[in-house]
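>>> I'll drop the sequence and a predicted model, then ask my questions.
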Amino acid sequence: MSVFPRVIDRSQVLECSDHQLKQVGQYLKAVRTQQGLSLLQVAQRTHIQPKQLRAIETGNWMQLPEAIYVQGFLKQYAQSLGLDGVAIANDLAVQPAPVNTKWLNQSNFSARERGVGPLLINWLVG
C-alpha cells in the first residue's frame, strides 16, 4: 500500500500533485538529513541541480521542469538515498503535457512530403 494517495478525479490532479510533491519532498529531505547528507552531496550523486532538489523538498513546482522529468528526479533522488525510487516516483500523480492539436493531421509536417529529403541528401553528398 502506498503512503501517497492515488488520484482518481483528473480535475484534482494539479492540487493533489502539489500536495504529493510536498509530501514526497519532505520525506526525502528527512531521510537525507537522517543520513547526514547535504543537498550538494545528493546533487553530486544524482547529477540533479541543487535548486531543483530544493524545489522537490519544498514542493515548489514552479522551479521544476515538466512533471515527467520530476518523476525521474524523484526516482534518482530516492535511489541515491537507498530507497525504492521506482515506487516513490510512481506514487506522484502526473498529468501529461498538453498536445497542440493544430499540429495533428497536417500533411505538410513531413520532410519527405515537402521534398526536403532529396535536397538534404544532395547537400550532404555534394
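Cool, the structure landed. Numbers count the residues shown, from 1 in each chain.

>>> burial count for residue 87?
By other CB atoms under 10 Å, 13 other residues sit near residue 87. The C-beta positions use only the backbone N, C-alpha and C, and glycine is treated the same way.

>>> element containing it?
helix 85-90 (DSSP states H and E).

>>> residues in contact with residue 47?
Residues near residue 47 by CB atoms under 8 Å, 6 or more residues apart in numbering: residue 76.

>>> Please repeat the previous calculation with a cut-off of 10 Å.
Contact analysis of residue 47 by CB atoms under 10 Å, 6 or more residues apart in numbering lists 76, 80.

>>> sorry, back to before: in the helix holding residue 87, which residues are buried?
Using 16 or more other CB atoms under 10 Å as the test for burial, helix 85-90 gives 85, 88, 89, 90.

>>> Tell me the helices and strands packed up against that helix.
helix 13-34, helix 67-80 (3 or more CB pairs under 10 Å, 6 or more residues apart in numbering; DSSP states H and E).

>>> and the residue nearest to residue 62 when sequence neighbours are not counted, what pLDDT?
Nearest non-adjacent residue to residue 62, counting by CB to CB, 6 or more residues apart in numbering: residue 55, 7.7 Å away. At residue 55, the pLDDT value in this model is 94.
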